[in-house]
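Participant: Show me the folded form of this:
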Amino acid sequence: MPPRTPSTQAVGIPKARTGIQGLDEITSGGLPAGRPTLISGSPGAGKTMLAMEFLVRGATEFGEPGVFVMFEENSEELTDNVRSMGFDLKKLVAQKKLILDHVHIERSEIEETGEYDLEGLFIRLGHAIDSIGAKRIVLDTLEALFSGLPSHAILRAELRRLFRWLKDRGITAVITGETGKNSLTRYGLEEYVADCVITLDHRVTGQISTRRLRVVKYRGSEHGTNEYPFLIGSRGISVLPITSLTLNHAAPAERIPTGIVGLDEMLGGRGVFRGSSVLVSGSPGTGKSSIAASFVNAACKRGERAILFAYEESADQILRNMRSIGLDLAPWVKKGLLQIHSSRPTLQGLEQHLVAMHDLIAEFKPAVVGVDPISNLTLERDGEDVKPTLMRLIDYLKKHQITAIFSSLTTGSPESSPEDSQVGVSSLMDVWLLLRNHEMNGERNRTIYVLKARGMSHSNQIREFVLNDDGITMMDVYLGPDGVLTGASRVAQEAKEFAEGKRRMQDHERKMRQLATKRKMIESQIMALQAELESEASEVEFSIAEEAARLESATQNSDTMARKRGHAKTAEPAKKGKR
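Facilitator: So this is what the prediction gives:
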């Protein structure tokens, strides 16, 4: 997480950036420049580490040399201790960017007098500061510095002088101190004198070790007031400002397949967005690990790198078990495309485990990361410490556009709400797949549905899936009279409906045959009636023709007779005329 730049700081007192991830954001730009800051905490809380990183980052990144004054460890011991964080103090000393000054104080050698003061220390500090032009200084620790002063009156007076001297020199100072019984520090005064007070706490809850940081006060500046987890790793300190993180990571539009064809179809046909976070939750035996392995296998098939963090099985066990469903991950491991890291996350505590994950991801640069399961990150039922850890991990992965798949064990009955998950991180996820065991008729079958998928259309149906030699196969949705059917119930119902469909087809064919026979009978009757009609028509036509012939014959006879008669009648008058 990049610290805030001075241009983005709120108007107020000048700040000295620490370079510590997260701390500059919490303090709105860094520690008060030219003023003292007190860091208090119990032994092992990380006070010296934080102070040293503030000094080293200033010398290497911001051009501000520093002086580290120690009253307990010598320079050789301190150099060896911080080498694990990647700091080469000898190199910085040789480059005159850093001075390590061990002030030996032995109580038995001190004789308290009324004239005792820190004037000698001021001279020593002033010489060290001037020799390299230091802008930062660390005093570690106050208890060792004042171990020879039993009088609280002298101690309080000298503390005031020390803080005032540092302010007058205009140098940014960090002073470490042990936590007191009833106050932030053992003497109970320095927190009122310092302009900024930061407390560190190293606690163990539920057998899990965690570190916390809190800015108790910061004069003249806004700051985060919550407790923030912080990590100490090979790259230094990283503070987890959960409530002040800025969500400014990119949102790629590229979609990548999940390795399960049916699941891709449920997610709009193209899989999930690159860089998204996917949660697969379900009860034991629902196939969470198999789906996570399918995601990883699909990435390796695309030629991308993948890391699988496993908390229940060893790497060899995972390779063996995944072969039973047709997923051979061993070749990807041999090619260097896949790394499987199996461990108990509670071995070193959540913060150290997260540091290890960050280091592995930064070194390997995978495109897909699987965590199986996140519910094993805590031994507590509420898992309140896991959510901040996962939030930081998810933000880190999104920042680098790494697609992540997390599996989580759900507890309770199948009728209970899946939102009541053990870890309570579903709100951080972009895609949530819920797996369930569906029991009916004496058998158990696996089902899956998409509870949410941000930014993409998705199916709202419950799908059955099976684990076989070909991997994960999604079954077609089958709705029976009593809802979604799975397994043998689905097969039996399909067979029953197939038989009923076949019987109906046979019945339809029988009725079609009957209809064809009836059609033929009707056609035969029609032909017979047509023949009868034609016969009757012929008879009528014959009768009509016969009648017509008779009439014609009668007419001809009548005409003949008329002519005969007419001819006789016309002859007689002729004869009379001749007379």
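Participant: Pairing partners for the helix or strand where Ala404 lies, with directions?
Facilitator: Under the criterion of DSSP states H and E, Ala404 resides in strand 403-409. Partners of strand 403-409 in the sheet, by DSSP bridges, are strand 277-282 (parallel), strand 368-372 (parallel).
Participant: Quick one, which of the ones you listed gets closest to Gly58.
Facilitator: Gly58 lies closest, by CB to CB, to one member of these: strand 368-372, at 33.6 Å. Any C-beta I mention is one placed from the backbone N, CA and C, and that applies to glycine too.
Participant: next structured bit after that closest one?
Facilitator: Next in sequence after strand 368-372, counting helices and strands by DSSP H and E, comes helix 386-399.
Participant: Would you mark the buried spots in stretch 549-565?
Facilitator: The neighbour-count check on stretch 549-565 (16 or more other CB atoms under 10 Å) flags nothing as buried.
Participant: Now do that stretch: distance to the chain's middle.
Facilitator: 119 Å (CA atoms, centre = their mean, to the nearest Å).
Participant: other SSEs contacting the lengthiest helix in the chain?
Facilitator: Longest helix of the chain, by residue count under DSSP state H: helix 487-578. Identification of packing neighbours for helix 487-578 by 3 or more CB pairs under 8 Å, 6 or more residues apart in numbering; DSSP states H and E yields strand 431-440, strand 443-453, strand 479-480.
Participant: In a markdown table, list the ones you listed along with mean pLDDT.
Facilitator: Converted to a markdown table, the helices and strands packed on helix 487-578 look like this (pLDDT from 0 to 100):
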| stretch | mean pLDDT |
| --- | --- |
| strand 431-440 | 85 |
| strand 443-453 | 86 |
| strand 479-480 | 58 |
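Participant: Including mean neighbour count, could those go into a markdown table?
Facilitator: Output for the helices and strands packed on helix 487-578, formatted as a markdown table (neighbours: other CB atoms under 10 Å):
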| stretch | mean neighbour count |
| --- | --- |
| strand 431-440 | 20 |
| strand 443-453 | 18 |
| strand 479-480 | 14 |
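Participant: would you list those strands in CSV and tack on distance to Gly66?
Facilitator: Shown next, in CSV, are these (distance: least, CB to CB, whole Å):
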stretch, distance to Gly66
strand 431-440, 47
strand 443-453, 50
strand 479-480, 72
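Participant: Pull the residues that contact the strand holding Ala404.
Facilitator: For strand 403-409, the external contacting residues (CB atoms under 8 Å, 6 or more residues apart in numbering) are 256, 272-284, 288-289, 291-292, 295-296, 299, 367-376, 390, 393-394, 397, 421-423, 425, 429.
Participant: Next one: Lys217 from Arg83, what distance?
Facilitator: From Lys217 across to Arg83, the span is 33 Å (CB to CB, to the nearest Å).
Participant: okay, these two: which has more neighbours?
Facilitator: For Lys217 and Arg83, the more surrounded residue by other CB atoms under 10 Å is Lys217, and the numbers stand at 16 against 12.
Participant: so the residue lying closest to that one once chain neighbours are set aside, which of the three states?
Facilitator: Closest residue to Lys217 apart from its sequence neighbours, by CB to CB, 6 or more residues apart in numbering: Val197 at 4.9 Å. Assigned with DSSP: H, G, I helix; E, B strand; the rest coil, Val197 falls in the strand class.
Participant: my guess is Val197 meets Pro36, correct?
Facilitator: No - using CB atoms under 8 Å, Val197 is not in contact with Pro36; the gap is 9.8 Å.
Participant: What distance do you get for Ile13 to Arg35?
Facilitator: Here the criterion is CB to CB. By it, Ile13 lies 8 Å from Arg35.
Participant: Determine the residues that are contacts of both of the two.
Facilitator: Contacts common to Ile13 and Arg35, judged by CB under 8 Å, 6+ apart, are Arg219.
Participant: follow-up on the earlier one: and the strands paired with strand 403-409: which comes nearest Thr517?
Facilitator: Taking CB to CB, strand 277-282 is the member of those nearest to Thr517, at 59.9 Å.
Participant: continuing past the closest one, what's the next helix or strand?
Facilitator: Following strand 277-282 in sequence, per DSSP H and E, is helix 288-301.
Participant: Output the contacting helices and strands for that following helix.
Facilitator: Right, helix 288-301 is packed against strand 277-282, strand 306-310, helix 315-323, helix 330-335, strand 368-372, strand 403-409, strand 431-440, strand 471-474 by 3+ CB pairs under 8 Å, 6+ apart.
Participant: closest to Thr176 out of the ones you listed?
Facilitator: Counting by CB to CB, Thr176 lies closest to strand 306-310 out of the helices and strands packed on helix 288-301; the figure is 35.0 Å.
Participant: Can you name every helix or strand that that closest one contacts?
Facilitator: Where contact means 3+ CB pairs under 8 Å, 6+ apart, strand 306-310 is packed against helix 288-301, strand 338-342, helix 350-364, strand 368-372.
Participant: still on that earlier bit, mind checking which of the helices and strands packed on helix 288-301 is nearest Glu77?
Facilitator: For those, the distance to Glu77 is smallest for strand 306-310, at 35.0 Å, taking CB to CB.
Participant: Keeping just the C-alphas, turn that closest one into PDB.
Facilitator: The C-alpha trace of strand 306-310 is given here as PDB (Å, rounded to 0.1, in the frame of the first residue of the first chain):
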ATOM      1  CA  ALA A 306      -1.300 -20.700 -10.000                       C
ATOM      2  CA  ILE A 307      -0.800 -21.100  -6.200                       C
ATOM      3  CA  LEU A 308      -2.900 -23.400  -4.000                       C
ATOM      4  CA  PHE A 309      -2.800 -22.800  -0.300                       C
ATOM      5  CA  ALA A 310      -4.100 -25.900   1.400                       C
END
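Participant: what lines up beside that strand in the sheet?
Facilitator: Sheet partners assigned to strand 306-310 using DSSP bridges are listed as strand 338-342 (parallel), strand 368-372 (parallel).
Participant: Could you export those strands as CSV, including mean neighbour count?
Facilitator: As requested, the strands paired with strand 306-310 are exported to CSV (neighbours: other CB under 10 Å):
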stretch, mean neighbour count
strand 338-342, 20
strand 368-372, 26
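Participant: I am finished for the moment; much appreciated.
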